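*Asks:* please find the sequence and the predicted model below.
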Amino acid sequence: MTARLSIEQATVTYRQAGRGLLTAVDAVDLEVGAGEVVGLVGESGCGKSTLARAVCGLEPLASGRILLEGEPVGRLGLRSRDPRLRRIQMVFQNPYASLNPRRRVGSQIEDGRRVAAGTALSVTELLESVGLDAAAAAKYPHEFSGGQRQRVAIARAMATGPDLLIGDEPIASLDASLQARVAALMRTVALEHGASLLFISHDLAVVRVIADRIAVMQSGRIVEQGPAEQVWSAPQHPYTRRLLAAIPIADGLGRLPTV
Amino acid sequence: MTGLDIRGLALTISGRRILDGVDVEVPSGQVTGLAGESGSGKTMTGLAVIGLQPAGAKVTGTVAYDDGETVVPDLLALRPGAMNRLRGRRIAMVFQDPTASLQPMLSIGTQLTDHMRHHLGLSRAAARARAIGLLERVRVPSPEAALKKYPHQFSGGQLQRIAIAIAIACDPKVLIADEPTTALDVTVQAGVLRLLRELTDDLGLAVLLVTHDLGVMSAVADTVAVMRNGVVVEHGSRYQVIREPRTAYARELVESLPHTPPPGVGEGDA
């Protein structure tokens, strides 16, 4: 069986003026199965967002390939996107930037529904699935709180009936106490609608709660991947151990995390 | 007791009661944690203490300040001028997002010396020398070069260290830190938490640490106050609040943590 998304030896490089080539993503292999939630974690600058952009066709690959259901994902250009690739949808870090501030959210979700011709859920159903009521459709993005706005962005992405949902740090700009809740919501909504989820975050503690598998990325390479519980409780790579050791534990003992 | 003593702090914005009588003590040399969900009023408590509540907010209650030299029976009753002499001088603040709290168009040197020259009356050269010492204190690499740089040239962790340097520049006695590590990577967060603890111990600061993250609380706070709907529902030692919470709400908050059990020990409960 082919995986829903397979990334094979993908490499992305940037040319830096006067400083040669920067390899942001370095020969990465990663698979996301049907109905699977994969968490991709790493520190800022490790290349995890670049990888997400490559999967959407927003970054050209220097080598390797990315397949959705066995078909290669091409680079997104000025021409209209291949309809098959609209089945990849992305939720970005900052919903205030990813939603159009001058249009009502209902009509923005409507845009997504048009892609799914016929089979799409209604705007009301979509809003309900992310915990907003139908009246929200008539509002503008600025009328929502940060958490609600990100829920709108999730509803918009789900409107197309995607096979693969990608969250690129979707919780990083949210109020801290909402992060776990929105992450759990993304998992529920994606799986209920038959989509796989690639969830990118720097917060291992949140990823561990929602992901089936975790991949750890450092300097453009995936240094460790495996079932979430295994990566969390029996980390193999020293970098994963360092990341875990840095998470402060609520044990009431006043132990400072190791740097 | 030296430090802050917050009594019956209430705050109303256009008829809505945001804080409903907050009582909390913030003693010197200790980190007092303020935990709670978003909307519980923990950030507003920090802002009201320092007089930064939103325009039109009505604040009542008392906040007593005592650092051994200066004694102010109620910060809330101070005239704006008197408050300005304390704010940034005796009471400093660190915010969640250093990319937002630092001015992007001013060099680090300007932002780090401006308030020292004003509050402490230092000359340009003296303020600069002191700024270099401060950057060394918070371990920002090559401090002299850093003074000439601008915020966008630093990583998030370095910027938060600079924001902390700005806060401690005038030898404050009270530091209010509102989610100071939430925007940072865990490995960077660990460094900033160690710095915060070290400064508390060395300078005898009274720190009011606002955070939703009980893991962060458990690492640096001496006592933890749990807030809900504008009141403190429980306040005790970190061990008691996290391990043996007395109120149902505090227990719920601890149990909702994604952070337990400790990683790497294999007690997974998925």
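*Replies:* Thanks, I have the structure now.
*Asks:* which residues touch residue B:10?
*Replies:* Counting by Cβ atoms under 8 Å, 6 or more residues apart in numbering or on different chains, residue B:10 touches B:17, B:19, B:20, B:21, B:22, B:59, B:60, B:61, B:230. For glycine as for every other residue, the C-beta is placed from the backbone atoms N, C-alpha and C.
*Asks:* state the distance from residue A:48 to residue B:201.
*Replies:* 36 Å (Cβ to Cβ, to the nearest Å).
*Asks:* between those two, which one's more packed in?
*Replies:* Using other Cβ atoms under 10 Å in any protein chain shown as the criterion, residue A:48 and residue B:201 rank with residue A:48 on top: 28 against 12.
*Asks:* so what pLDDT did that one get?
*Replies:* Listed pLDDT for residue A:48 reads 89.
*Asks:* now residue A:10: phi and psi?
*Replies:* Dihedral pair for residue A:10: phi -70, psi 130, per degrees, to the nearest 10.
*Asks:* mind pulling up the pLDDT for it?
*Replies:* With respect to pLDDT, residue A:10 has a value of 94.
*Asks:* hmm, residue A:53 and it touching each other?
*Replies:* No: here residue A:10 does not reach residue A:53: they are 11.3 Å apart, not a contact under Cβ atoms under 8 Å.
*Asks:* and those two? Which one has more around it.
*Replies:* More crowded of residue A:10 and residue A:53, by other Cβ under 10 Å: residue A:10, with 23 against 18.
*Asks:* what sits opposite that one in the beta ladder?
*Replies:* When bridges are called by DSSP bridges, residue A:10 pairs up with residue A:28.
*Asks:* again with residue A:22
*Replies:* Here residue A:22 shows beta-bridge partners residue A:14, assigned using DSSP bridges.
*Asks:* and stretch A:39-57, what's buried?
*Replies:* For stretch A:39-57, the neighbour count (16 or more other Cβ atoms under 10 Å in any protein chain shown) marks A:39-43, A:46-57 as buried.
*Asks:* give me the subset of those residues lying in helices.
*Replies:* Secondary structure assignment (DSSP state H) places A:48, A:49, A:50, A:51, A:52, A:53, A:54, A:55 from these within helices.
*Asks:* spatially nearest residue to residue 105, not counting backbone neighbours?
*Replies:* Using chain A. residue A:152 (4.8 Å; Cβ to Cβ, 6 or more residues apart in numbering or on different chains).
*Asks:* not quite, go with chain B.
*Replies:* In this structure, residue B:105 finds its nearest non-sequential neighbour in residue B:150, 7.6 Å apart by Cβ to Cβ, 6+ apart.
*Asks:* next, count neighbours for that neighbour.
*Replies:* Applying other Cβ under 10 Å, we find 16 residues neighbouring residue B:150.
*Asks:* for the stretch 51-200 of chain A, just list every one of the strands.
*Replies:* Remark: strands assigned in the stretch 51-200 of chain A by DSSP state E, counting those that start in this stretch are A:63-68, A:71-72, A:88-91, A:164-168, A:196-201.
*Asks:* after the last one, which helix or strand is next?
*Replies:* Elements were assigned by DSSP states H and E; along the chain past strand A:196-201, the next helix or strand is helix A:204-210.
*Asks:* what packs against that following helix?
*Replies:* Contacts defined by 3 or more Cβ pairs under 8 Å, 6 or more residues apart in numbering or on different chains; DSSP states H and E place helix A:204-210 against strand A:37-41, helix A:179-192, strand A:196-201, strand A:213-218, helix A:228-233.
*Asks:* so which of the ones you listed gets nearest chain B?
*Replies:* helix A:228-233 (4.0 Å; Cβ to the nearest Cβ).
*Asks:* avg pLDDT for whatever helix or strand comes next after the closest one?
*Replies:* Next helix or strand after helix A:228-233 toward the C-terminus (DSSP H and E): helix A:238-245. Here helix A:238-245 scores 92 as its mean pLDDT.
*Asks:* near chain B, which residues of the stretch 101-250 of chain A?
*Replies:* Selection of the stretch 101-250 of chain A residues close to chain B by Cβ under 8 Å from any Cβ of the partner chain yields A:147, A:175-178, A:180, A:202-206, A:208-209, A:228-229, A:232-235, A:241-250.
*Asks:* restricted to buried residues, select these in PyMOL.
*Replies:* Buried subset of these, written as a PyMOL selection, criterion 16+ other Cβ under 10 Å:
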select buried, chain A and resi 147+175+176+177+178+180+202+203+204+205+206+208+209+228+232+233+235+242+243+244+245+246+247+248+249+250
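*Asks:* now do the strands in the stretch 1-150 of chain B.
*Replies:* Counting by DSSP E, counting those that start in this stretch, the segments of the stretch 1-150 of chain B that form strands are B:3-13, B:16-27, B:31-35, B:57-66, B:71-72, B:91-94.
*Asks:* look up the closest residue to the residue in the stretch 1-150 of chain A that chain B sits nearest to, ignoring the ones flanking it.
*Replies:* When scored by Cβ to the nearest Cβ, the stretch 1-150 of chain A has residue A:43 as its residue closest to chain B, at 4.5 Å. Spatial nearest neighbour of residue A:43, excluding adjacent residues (Cβ to Cβ, 6+ apart): residue B:185 at 4.5 Å.
*Asks:* residues in contact with the one you found?
*Replies:* A:43, A:44, A:202, B:156, B:157.
*Asks:* what's the answer for residue B:151, then?
*Replies:* B:98, B:99, B:102, B:103, B:104, B:108, B:159, B:162.
*Asks:* pLDDT at it, what is it?
*Replies:* Residue B:151 carries a pLDDT value of 94.
*Asks:* please apply the same query to residue A:1.
*Replies:* pLDDT for residue A:1: 54.
*Asks:* before we move on, the earlier item: buried subset of the contacts of residue B:151?
*Replies:* Buried among the contacts of residue B:151 (16+ other Cβ under 10 Å): B:98, B:102, B:108, B:159, B:162.
*Asks:* measure the first one to chain A for me?
*Replies:* In this view, residue B:98 and chain A are 14 Å apart by Cβ to the nearest Cβ, to the nearest Å.
*Asks:* does that residue touch residue B:183 like I think?
*Replies:* Yes: counting by Cβ under 8 Å, residue B:98 does reach residue B:183; the two are 7.3 Å apart.
*Asks:* what do the two both touch?
*Replies:* Common contacts of residue B:98 and residue B:183 (Cβ under 8 Å, 6+ apart): B:156, B:160.
*Asks:* ok, now which ones touch residue A:54?
*Replies:* Applying Cβ under 8 Å, 6+ apart, we find residue A:54 in contact with A:10, A:12, A:25, A:60, A:61, A:66.
*Asks:* which one (most neighbours) among the contacts of residue B:10?
*Replies:* residue B:19 (28 neighbours).
*Asks:* from chain A, how far out is the closest residue in space to that residue that isn't next to it in sequence?
*Replies:* Nearest residue to residue B:19, sequence neighbours excluded (Cβ to Cβ, 6+ apart): residue B:11, at 4.0 Å. Remark: distance between residue B:11 and chain A (Cβ to the nearest Cβ) = 19 Å.
*Asks:* identify the bridge partners of residue B:11.
*Replies:* Residue B:11 has the following beta-bridge partners by DSSP bridges: residue B:19, residue B:59.
*Asks:* out of the strands of the stretch 51-200 of chain A, which gets the lowest mean score?
*Replies:* In terms of average pLDDT, strand A:71-72 trails the rest of the strands of the stretch 51-200 of chain A, at a mean of 86.
*Asks:* given that strand, what are its sheet partners and their directions?
*Replies:* Sheet pairing for strand A:71-72, assigned by DSSP bridges, gives strand A:63-68 (antiparallel).
*Asks:* number of nearby residues for residue 135?
*Replies:* No chain in the question, so chain A it is. 10.
*Asks:* looking at chain B here, not the other one
*Replies:* Neighbours of residue B:135 using other Cβ under 10 Å come to 24.
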